[in-house]
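>>> what follows is a predicted protein model with its sequence.
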Amino acid sequence: MEPVRWGVLSTAKIGTEKVIPAMQRGTLCRIEAIASRNQARASEAAARLGIPRTHDSYEALLADPEIEAIYNPLPNHMHVAWTARAADAGKHVLCEKPLAMTAAEAETLIAARDRAGVRIEEAFMVRNNPQWLWAREQVRSGRIGRLRAIQGCLTYRNMDPDNIRNRVEVGGGGLYDIGSYPITMSRFVLDAEPTRAVALMERDPDFATDRLTSAMLDFGDAQASFTCATQLARFQTMQLLGTEGWLHVELPFVMEPDRDCRILIGDGTFPGALAASEQRFSAVDQYTLQGDGFSERVRTGAPSPFPLENAVRNMAVIDALFRSAANGGWEAV
Ligand SMILES: NC(=O)c1ccc[n+]([C@@H]2O[C@H](COP(=O)([O-])OP(=O)(O)OC[C@H]3O[C@@H](n4cnc5c(N)ncnc54)[C@H](OP(=O)(O)O)[C@@H]3O)[C@@H](O)[C@H]2O)c1
């Protein structure tokens with residue numbers, strides 16, 4: 001299968017440090033060009049990463065006729081506008097999470113996608129990870145009985161005022177950046193949508209971004225809760241609690257590509273917190289799997305397991321949580 005010719009919008013850290021090298025290690029992605037608002041930055045990144053061509057503007061990259069697909073790791077508030085422009089230029093787009101600032105904004109991309117006849121997906125790389133496919137399969141097969149509750153957590157400590165996570169005007173804050181993961185993965189394993197949501201949110205007095213958020217999602221037959229924070233010690237976990245057992249996903253979101261991971265499996269026997277067994281997974285690079293999967297769908301035209309409509313529904317949960325944090329009560333999703 002012929003690799004897809006990719007262009008990258010900006011010299012974003014996630015692209016240059018993780019996603020581009022990972023896609024270059026794959027078999028179906030060729031990173032052909034990178035664009036920056038600053039030519040020197042584009043040239044430096046291209047030289048370091050062995051990318052053949054550079055552009056000194058995002059517009060020039062979208063006008064590049066050799067490029068078939070765009071990877072968009074711009075700050076959150078620019079995701080929709082530049083993804084739409086790329087689609088209008090006839091390019092497929094893999095856009096970083098969160099896809100948009102609101103569900104209404106995300107929804108505009110459905111029309112852009114259909115108008116242009118291209119593929120647009122949100123880059124939640126964790127959904128490509130074999131451990132999550134395995135966990136979902138265990139839930140579906142009834143191994144832990146009925147999945148009734150999910151608990152998640154994702155935190156880091158970042159006090160840099162210049163970092164996009166601490167700049168409210170570019171879509172900073174913990175809920176967009178990391179709360180979006182437990183929301184996505186709760187919906188993924190339950191294969192369902194929450195009907196209402198509630199959030200307790202604390203904002204940084206200087207940055208005005210949400211720095212500590214705890215939330216609950218009502219899935220009817222199941223409840224999901226999570227905490228995300230931008231000013232706490234680094235931590236991540238996800239626990240799926242069923243009537244007959246539980247799964248503890250030790251490294252649910254952020255992984256190093258050379259690190260094996262495991263899921264602990266409990267059967268509810270005393271004292272409850274000890275695993276009865278474990279499932280180990282060899283190290284994989286989630287970004288390589290993501291890039292190759294997207295490229296393969298570009299070539300084959302196969303339907304996406306992560307269509308835009310799914311991203312719109314994820315944004316609707318985030319919308320409800322922001323409304324709840326402001327109003328102090330449950331909000332319909
Ligand atoms: N999937 C994941 O694992 C993962 C991990 C981290 C981040 N992300 C997502 O990736 C995106 C980028 O995150 P990042 O930490 O890599 O960001 P970053 O290093 O700050 O990069 C953002 C890039 O956007 C460009 N840009 C254009 N207008 C800008 C503006 N007004 N302010 C700041 N930058 C501007 C800049 O590139 P030029 O100067 O070259 O034009 C900048 O390098 C976010 O949406 C984030 O949620 C995903």
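Yep, that arrived. Numbering: from 1, shown residues only.
>>> mind checking the SS state of T213?
T213 falls in the strand class when you classify it by DSSP: H, G, I helix; E, B strand; the rest coil.
>>> hmm, I typed the wrong one, I wanted A135.
Taking three-state DSSP as the rule, one finds A135 in the helix state.
>>> what sits closest to it if chain neighbours are left out?
Closest residue in space to A135, ignoring its immediate chain neighbours: L247 at 5.6 Å, by C-beta to C-beta, 6 or more residues apart in numbering. Every residue, glycine included, has its C-beta placed from N, CA and C.
>>> got a list of what the one you found touches?
With C-beta atoms under 8 Å, 6 or more residues apart in numbering as the criterion, the residues that contact L247 are 135, 138-139, 144, 239-240, 263-266.
>>> which outside residues touch stretch 169-178?
Applying C-beta under 8 Å, 6+ apart, the contact partners of stretch 169-178 are 75-79, 98, 101, 154-156, 163-166, 199, 201, 203, 207, 209-213, 215, 228-230, 253, 318, 321-322.
>>> for stretch 107-124, same thing?
Residues from elsewhere that reach stretch 107-124, judged by C-beta under 8 Å, 6+ apart: 19, 69, 71, 73, 80, 83-84, 87-88, 90-100, 180-181, 184, 290, 294, 297-298, 304, 306-312, 314.
>>> ends of it, how far apart?
Across stretch 107-124, the straight-line distance between its terminal residues is 17 Å, by C-alpha to C-alpha, to the nearest Å.
>>> any idea how many residues pack against S214?
Residues lying near S214 (other C-beta atoms under 10 Å) number 16.
>>> what do you get for E96?
In terms of burial, E96 registers 22 neighbours under the definition other C-beta under 10 Å.
>>> now swap in A63 and tell me
A63 is surrounded by 11 other residues when neighbours are defined as other C-beta under 10 Å.
>>> before we move on, what about L264?
Going by other C-beta under 10 Å, the residues that sit close to L264 add up to 17.
>>> dump the residue contacts of it.
247-248, 250, 275, 278.
>>> what's the answer for L308, then?
With contact set as C-beta under 8 Å, 6+ apart, L308 has these partners: 99, 106, 109-110, 113, 120-122.
>>> mind checking which of those are in helices?
Per DSSP state H, helices hold the following members of these: 106, 109-110, 113.
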